[in-house]
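A.B. asks: Sharing a model prediction with you, sequence too.
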Number of protein chains: 2
Amino acid sequence: MAATERIWTAGLVIIGDEILSGRTQDKNIGQIALWLNLQGIRLAEVRVVGDTVAAIVEAVNALRARNDYLFTTGGIGPTHDDITVDAIAEAVGVPVAVHPTARAALERYYATRGGVTEARLRMARVPEGADLIENRMSGAPGIRWGNIFIMAGVPHITAMMLDALSGSIEGGKPLLSETVGCWVAESEVADLLAATEKGHPGCQIGSYPFFREGKVGANFVIRSTERAVLESCRDDLAARLIAAGRTPVPGGI
Amino acid sequence: MAATERIWTAGLVIIGDEILSGRTQDKNIGQIALWLNLQGIRLAEVRVVGDTVAAIVEAVNALRARNDYLFTTGGIGPTHDDITVDAIAEAVGVPVAVHPTARAALERYYATRGGVTEARLRMARVPEGADLIENRMSGAPGIRWGNIFIMAGVPHITAMMLDALSGSIEGGKPLLSETVGCWVAESEVADLLAATEKGHPGCQIGSYPFFREGKVGANFVIRSTERAVLESCRDDLAARLIAAGRTPVPGGI
């Protein structure tokens, strides 16, 4: 069953010169990855591109062609460097249109804040045929066009948009994980790890070394969509570490 | 002069299932971006890919074809999931070879730590023809193959490898930046920003809104390789904000 199971994947395009210049530390990759896991969708690839239409179009079309879903963050505000909507409309080959619900939401939001200007109205522009993703934080909604999800760049606004989407996107079984830690140099147990992974089809084992309290150690993260397979691999790894004279730490260090 | 100046660019491939699963928050994009700026090189595009040879090969070949330099992070340790060297050798079409200097360094490092095992010797493997990048932190060096720089995944080890490379890679003029802050909704000054950018060729203005102390504000970051052009744009932006009844905050908020 596990071998033939449908795996749902997503691509992510992070849009913004501020990430590529190092000015801003990205936080959206991590939070979108974790949220996707909960929906039973795997983040398969991420691209970070600058604020140019050509770069966005190329990344969007490459990633949407080979994933079930595509997410973008950044570039949906009111200023001249916010070009995500135009780029995605170009990528999918539709014109840009003003969404009446988004316009109404902006009119409500700005009624006591100076009214809707032409710049603000930019935030109601969507690729034609799009639906809106609720944004309880500010006037500008997120946008869904087919399997493309256009989110904010500001992480806490993106978090609320993800919350609004939770449970509404089809996925498969979530990828589960178990961690076993050990105070050991990973190079000393490399063969043991490889043999354990090989002995448990459907599991991947990642090795994440660290240097802490003056000692080297590593956390071994086992991933699988099947609870029973995952636990069997975890227990086998612990037993092999004990047989090699090591002390496994359940749950990781 | 500025218009015809050679711009040096780099691509970056972040390799690791742990980033795509959300387990680990990436810190290498930011630190490599900032370091590249100091070398006069712009980070033009980043891809994050999982631990599979095909994904690494595709990303490496796409980004090295259109940038002066390519950097990778992750996957150079001793365990079965460390496949970066094999993937890059495949991407550039050379065999994998054991580098004698890397082998000697590992033998010295592990002389008092149990000796060099087959797993540890994996860390001396390089795409044939490569040079080493010093790693004063642990036994495994970074690798330079032509214009490809293969770095560690652990951020503080990557930091030391970058330090070892500083000043050794040709670049152009560093991209300079100046920031002007303002307690204003960016949508209220969007036209002003666009007009300012248009009036100063060679400058880009990014607008980064925030919500703090119960108020909205934004930082406007101006970027240029030319100090004089940059400062003229900054002063013009401040003057336009004042003319619009706003108070610019030099250096940002």
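C.D. replies: Now that the structure is in, tell me what you want to look at. Numbering: from 1, shown residues only, chains lettered A, B, ... in the order given.
A.B. asks: Apart from its neighbours in sequence, what residue is nearest A:Ser207?
C.D. replies: Among residues not flanking A:Ser207 along the chain, B:Thr79 sits closest, at 4.2 Å (C-beta to C-beta, 6 or more residues apart in numbering or on different chains). In this view, the C-beta of every residue, glycine as well, is placed from N, C-alpha and C.
A.B. asks: Check A:Leu165 too.
C.D. replies: What sits nearest to A:Leu165 in space, not counting adjacent residues and going by C-beta to C-beta, 6+ apart, is A:Ile133, at 6.2 Å.
A.B. asks: Can you identify the element that follows the lengthiest helix in chain A toward the C-terminus?
C.D. replies: Secondary structure of chain A read by DSSP state H shows that its longest helix is helix A:227-243. Downstream of helix A:227-243, the first helix or strand assigned by DSSP states H and E is strand A:249-250.
A.B. asks: what helices or strands is that following strand leaning on?
C.D. replies: Using 3 or more C-beta pairs under 8 Å, 6 or more residues apart in numbering or on different chains; DSSP states H and E as the contact criterion, the elements in contact with strand A:249-250 are strand A:176-182.
A.B. asks: Identify all contacting residues around the strand it packs on.
C.D. replies: For strand A:176-182, the surrounding residues in contact (C-beta atoms under 8 Å, 6 or more residues apart in numbering or on different chains) are A:189, A:217-227, A:230-231, A:233-234, A:237-238, A:241, A:246-253, B:21, B:23.
A.B. asks: Confirm that A:Arg103 sits in a strand.
C.D. replies: No: per DSSP: H, G, I helix; E, B strand; the rest coil, A:Arg103 lies outside any strand segment and is helix.
A.B. asks: dump the residue contacts of the spatially closest residue to it that is not a sequence neighbour.
C.D. replies: With C-beta to C-beta, 6+ apart as the criterion, A:Arg103 has its nearest non-adjacent residue at 4.3 Å, and that residue is A:Ala124. Under the criterion of C-beta under 8 Å, 6+ apart, the contact list for A:Ala124 reads A:Val98, A:His99, A:Ala102, A:Arg103, A:Ala105, A:Leu106.
A.B. asks: Helix, strand or coil: sort out A:Gln25 for me.
C.D. replies: Here A:Gln25 is coil, with the state taken from three-state DSSP.
A.B. asks: these two touch, right, it and B:Ala33?
C.D. replies: No: applying C-beta atoms under 8 Å, one finds A:Gln25 not in contact with B:Ala33, separated by 9.9 Å.
A.B. asks: Those two - which one has more neighbours?
C.D. replies: Applying other C-beta atoms under 10 Å in any protein chain shown to A:Gln25 and B:Ala33 shows that B:Ala33 carries more neighbours, namely 24 against 15.
A.B. asks: and the contacts of A:Ala124, which are buried?
C.D. replies: Neighbour-count burial (16 or more other C-beta atoms under 10 Å in any protein chain shown) applied to the contacts of A:Ala124 gives A:His99, A:Ala102, A:Arg103, A:Ala105, A:Leu106.
A.B. asks: before we move on, back to that, quick one: residues contacting the residue nearest to A:Leu165.
C.D. replies: Listed by C-beta under 8 Å, 6+ apart, the contact set of A:Ile133 reads A:Pro141, A:Gly142, A:Ile143, A:Arg144, A:Phe149, A:Ile150, A:Met151, A:Met161, A:Ala164, A:Leu165.
A.B. asks: ok, the closest residue to the third one other than its chain neighbours - how many residues close by?
C.D. replies: I take that to be A:Ile143. Leaving aside its sequence neighbours, A:Ile143 sits nearest to A:Ile150 (C-beta to C-beta, 6+ apart; 4.0 Å). A count of neighbours around A:Ile150, defined by other C-beta under 10 Å, yields 27.
A.B. asks: Now the strand or helix carrying A:Ile150 - C-alpha only, PDB.
C.D. replies: In this structure, A:Ile150 sits in strand A:148-151 according to DSSP H and E. Extracted C-alpha coordinates of strand A:148-151, given in PDB (Å, rounded to 0.1, in the frame of the first residue of the first chain):
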ATOM      1  CA  ILE A 148      -1.500  28.700  -7.000                       C
ATOM      2  CA  PHE A 149      -1.600  30.300  -3.500                       C
ATOM      3  CA  ILE A 150      -0.300  33.900  -3.400                       C
ATOM      4  CA  MET A 151       0.600  34.900   0.200                       C
END
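A.B. asks: Report all helices and strands that the helix or strand that it is followed by contacts.
C.D. replies: Downstream of strand A:148-151, the first helix or strand assigned by DSSP H and E is helix A:155-165. Packed against helix A:155-165 by the contact rule (3+ C-beta pairs under 8 Å, 6+ apart) you find helix A:28-38, strand A:131-133, strand A:148-151.
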